[in-house]
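Enquirer: Mind folding the following:
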Amino acid sequence: MSLPSETARGVDAAVARAQSAGRTPSLVLGVVRDGELAHVAAAGEHPRPDADRQYRLGSITKTMTAVLVMQQRDAGTLALHDPLDAHLPGTGVGALTLRQLLGHASGLQREPDGPWWERVEVGDLASVLAGVGAHKIAYPPHRAYHYSNLAYGLLGGVLEAVTGTGWFDLLRQRILEPLGMTRTTYQAAEPFARGYVVHPWHDTLREEPRTDTGAMAPAGQLWSTITDLGRWAAFLADPDPAVLAPATLTEMCAPVVISDLDSWSSGHGLGVELNRVGDRVYVGHGGSMPGYVAGLAVHRPTRTAVVGFANSYGLRVGHVGGLGREVLTTVLDALPDPVEPWRPTDAPPPAELAELTGRWWWMGAEFEFSADAAAGELRAGPIGNPVMRFTREGPDRWRGLSGPQDGEILTVLRNPTGHPVALDLATFVLTRTPDNQP
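Expert: This next block holds a predicted model:
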């Protein structure tokens, strides 16, 4: 699905302005709609960017590491409440849980001991663990949000411990190959953009090193392209169940901690950043490594996303992640909300579903219950707003699937002749008449 021409021109102009004002050698953004790359906007000539040229992902890598952890949770090889000691004993921070590490709620300090890991050859996990002890706790767990690259180095070690497979091999087998992300690699593969620091006063470029971050790779090692990162964004919007259960990805997008306690505009789920822009919440992550910045923002309800790269360490004005959210908002504001066409059903619903449809009342408020025969579900809510869904669990017993009644039980109450006269929804009783008398 391509963008309307006026919207596409606006995206192109925003990217051109950001590249010029930000003084970055090259900048490229991609807009994803309904699983496809709908538009690519590029600016700069050093090198001229395109959808197949690699840039460095930086911390967007963490979103993939988190999915690997959740795959293992779903497979039963670990639990999110497991302490780190259960998989990497003897660290000195072993009481921290995997959930806390995933959500940056562990209180663990941001970086491992030693020189800046992004610019040096880190070495193996043992070399990282040698510097991990009680002194690495910056805050008591869950006292506050505290971003930690070190946490994701440790999670990579946990993955290797429970699977017996190295982190990147596991990533390639479980995510990259199934999703067709053939241009997402551990080291740079031509064609790729060299990364730079731009001198603040005379506009010269200093090329940055492209290091192997070793045991810290799960925090930020990967290289990718607009095409491949677009595939990843499409997955985060609407996951392939063969890779990760959709319900698990939804779980990942629930806040673990709010990072902005004043306005609640940002927070962190299980491996994903959450940013609220107006009434929308964008799921994704930012990324940076020496010479590179990257951004990923996904609006899951509309399956729309923006992904982007620049090949300088930061932009003089803003960040490519902020630009991506700005562009995503522009695109969503310009496009009409998708409308599902109404289609008639082939057959009436089964009797146990049909007899519950119609109007029901609770405390003077009117509710409408209808049948989704294809899904075998009962839909309910205020007139014209079926916000609740229920699935049948047994005779006269239905389980809530959405909204405030998610997980709650609806029980059908019948009169002596077997006719349904009331619905007991978690002790709230709805009847066929406004006076609430069965």
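
Enquirer: Not counting sequence-adjacent ones, nearest residue to residue 51?
Expert: residue 226 (4.3 Å; C-beta to C-beta, 6 or more residues apart in numbering). Where you see a C-beta, it was placed from the backbone N, CA and C, and this is true even at glycine.

Enquirer: do the same with residue 352
Expert: Nearest residue to residue 352 in three dimensions, chain neighbours excluded: residue 392, at 6.9 Å (C-beta to C-beta, 6+ apart).

Enquirer: Where does that neighbour sit: helix, strand or coil?
Expert: strand (DSSP: H, G, I helix; E, B strand; the rest coil).

Enquirer: Which parts of the stretch 51-200 of the chain are helices?
Expert: Using DSSP state H, counting those that start in this stretch, the helices of the stretch 51-200 of the chain run over 61-75, 98-102, 125-129, 149-163, 167-171.

Enquirer: Give me the angle between the first one and helix 149-163.
Expert: Translated: helix 61-75. Counting by axes from the mean of the first three to the mean of the last three C-alpha atoms, to 10 degrees, helix 61-75 lies at 40 degrees to helix 149-163.

Enquirer: Where does pLDDT dip in the stretch 1-150 of the chain?
Expert: 115, 117-119, 142-143 (pLDDT under 70).

Enquirer: try 80
Expert: Regions of the stretch 1-150 of the chain meeting the criterion pLDDT under 80 cover residues 1, 113-123, 140-144.

Enquirer: Quick one: the strands in it, in order.
Expert: 26-33, 36-44, 55-56 (DSSP state E, counting those that start in this stretch).

Enquirer: Could you give the separation of the shortest one from the chain centroid?
Expert: Spelled out, it's strand 55-56. The chain centre lies 20 Å from the centre of strand 55-56; the measure is C-alpha atoms, centre = their mean, to the nearest Å.

Enquirer: partners of that strand in the sheet?
Expert: strand 223-224 (antiparallel) (DSSP bridges).

Enquirer: Rounded mean pLDDT for the strand it pairs with, please.
Expert: Average pLDDT, strand 223-224: 98.

Enquirer: Show me what the next helix or strand after it packs onto, helices and strands only.
Expert: Per DSSP states H and E, the first helix or strand lying C-terminal to strand 223-224 is helix 226-237. Where contact means 3 or more C-beta pairs under 8 Å, 6 or more residues apart in numbering; DSSP states H and E, helix 226-237 is packed against strand 26-33, strand 36-44, helix 61-75, strand 280-289, strand 292-299, strand 304-310.

Enquirer: So which of the ones you listed is the most surrounded?
Expert: For the helices and strands packed on helix 226-237, the largest average neighbour count (mean count of other C-beta atoms under 10 Å) is found in strand 304-310, namely a mean of 31.

Enquirer: now the angle from that strand to strand 26-33?
Expert: With the same axes, to 10 degrees as the basis, strand 304-310 and strand 26-33 are set at 170 degrees to each other.

Enquirer: quick one: average pLDDT of the very next helix or strand once past strand 304-310?
Expert: Following strand 304-310 in sequence order, the next helix or strand is helix 320-334 (DSSP H and E). The average pLDDT for helix 320-334 rounds to 94.

Enquirer: And stretch 248-256, by the same measure?
Expert: Averaging pLDDT along stretch 248-256 gives 97.

Enquirer: ok, the residue lying closest to residue 304 once chain neighbours are set aside to residue 321 distance?
Expert: Once flanking residues are discounted, residue 304 sits nearest to residue 33: 5.5 Å by C-beta to C-beta, 6+ apart. Look at residue 33 and residue 321: by C-beta to C-beta, to the nearest Å, they are 20 Å apart.

Enquirer: How about residue 236?
Expert: 15 Å.

Enquirer: Equivalent analysis for residue 184, please.
Expert: Per C-beta to C-beta, residue 184 is found 19 Å from residue 321.

Enquirer: where exactly do the strands run in the stretch 301-438 of the chain?
Expert: Counting by DSSP E, counting those that start in this stretch, the strands of the stretch 301-438 of the chain are 304-310, 358-362, 365-372, 377-382, 388-394, 397-400, 409-414, 420-425, 428-431.

Enquirer: so what does the third one touch, helix or strand wise?
Expert: By that I understand strand 365-372. Counting by 3+ C-beta pairs under 8 Å, 6+ apart, strand 365-372 packs on strand 358-362, strand 377-382.

Enquirer: Can you add distance to residue 4, mean pLDDT and mean neighbour count and give these back as a markdown table?
Expert: Shown next, in a markdown table, are the helices and strands packed on strand 365-372 (distance: least, C-beta to C-beta, whole Å; pLDDT from 0 to 100; neighbours: other C-beta atoms under 10 Å):
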| stretch | distance to residue 4 | mean pLDDT | mean neighbour count |
| --- | --- | --- | --- |
| strand 358-362 | 42 | 95 | 16 |
| strand 377-382 | 33 | 94 | 20 |
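
Enquirer: Which among these is found nearest to residue 264?
Expert: strand 377-382 (26.4 Å; C-beta to C-beta).

Enquirer: mind checking how far the closest one is from the chain centre?
Expert: For strand 377-382, the distance to the chain centre is 28 Å (C-alpha atoms, centre = their mean).

Enquirer: Mind checking the helices and strands packed on helix 226-237 for the one nearest to residue 428?
Expert: With C-beta to C-beta as the criterion, residue 428 lies closest to strand 280-289 of the helices and strands packed on helix 226-237, at 28.7 Å.

Enquirer: just the angle between that closest one and strand 292-299, please?
Expert: Orientation check (the same axes, to 10 degrees): strand 280-289 against strand 292-299 gives 160 degrees.

Enquirer: between strand 280-289 and helix 226-237, how big is the angle?
Expert: Using the same axes, to 10 degrees, strand 280-289 lies at 140 degrees relative to helix 226-237.
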